[in-house]
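> A predicted structure for the sequence below; I have some questions about it.
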Amino acid sequence: FSLIEVLIAMAIFAIGILAVGGMQLSNTKNNTTGNITTQATFLARQKIEELKTVSDVTTLTTGTDPNNPIDADGNAGGIYTREWNVSNPLGGSSSRQISVTVSWDRRGQNRSVVLESITRGNGL
């Protein structure tokens with residue numbers, strides 16, 4: 001009986017260890033995805049803040065980052081593509097709507113983060 005009990009205990013232990021290993025693998029994938037998304041959000045926010053500091057909003061234009069693809073610091077050579085769209089949904093010359101999209105490819109799927117803001121210029 002003791003040999004059978006030991007074999008059963010080892011089988012139960014092995015199943016538990018496999019479950020913990022699978023959970024660790026899943027956590028690692030989710031942490032990586034979260035980090036990439038956080039970096040993309042930072043890049044979008046950085047560009048929106050840069051565009052909002054322009055003193056004359058009528059000079060804002062739609063564009064793409066000249067360094068695309070960029071890394072998490074905005075330098076050339078990464079996985080992110082950053083582009084922005086400037087529109088005038090309210091009419092007039094006192095404000096503009098800015099939409100910044102940061103996209104990347106992860107495991108064969110296109111992903112993106114979009115941030116939008118309305119500005120009057122000078123950081124407002």
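Done, it's in. Residues are numbered from 1 along each chain as shown.

> could you name the helices and strands sitting against the helix or strand containing A14?
Element membership of A14, judged by DSSP states H and E, is helix 2-52. Using 3 or more CB pairs under 8 Å, 6 or more residues apart in numbering; DSSP states H and E, the elements in contact with helix 2-52 are strand 81-87, strand 96-106, strand 109-119. Every C-beta, even on glycine, is put in place using the N, C-alpha and C of the backbone.

> ok, which of the ones you listed comes nearest T58?
Of all the helices and strands packed on helix 2-52, it is strand 96-106 that lies closest to T58, at 7.9 Å by CB to CB.

> ok, the closest one: who's next to it in the sheet?
Based on DSSP bridges, the pairing partners of strand 96-106 within the sheet are strand 81-87 (antiparallel), strand 109-119 (antiparallel).

> export the helices and strands packed on helix 2-52 to JSON lines and append columns for distance to I70.
Listed next are the helices and strands packed on helix 2-52 as JSON lines, based on distance: least, CB to CB, whole Å:
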{"stretch": "strand 81-87", "distance to I70": "6"}
{"stretch": "strand 96-106", "distance to I70": "9"}
{"stretch": "strand 109-119", "distance to I70": "13"}
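
> rewinding a little: tell me the most buried of the strands paired with strand 96-106?
strand 81-87 (a mean of 18; mean count of other CB atoms under 10 Å).

> give me the mean pLDDT for that one.
Mean per-residue pLDDT for strand 81-87: 95.

> now that strand and helix 2-52, what's the angle there?
In terms of direction (axes from the mean of the first three to the mean of the last three CA atoms, to 10 degrees), strand 81-87 departs from helix 2-52 by 40 degrees.

> off-centre distance for strand 81-87?
Taking the mean of its C-alpha atoms, strand 81-87 sits 15 Å from the chain's own mean (CA atoms, centre = their mean, to the nearest Å).

> and what of stretch 52-65?
22 Å.

> list the buried ones in that stretch?
Of the residues in stretch 52-65, K52, V54, V57, L60, D65 count as buried by neighbour count, 16 or more other CB atoms under 10 Å.

> I appreciate the help and will end here.
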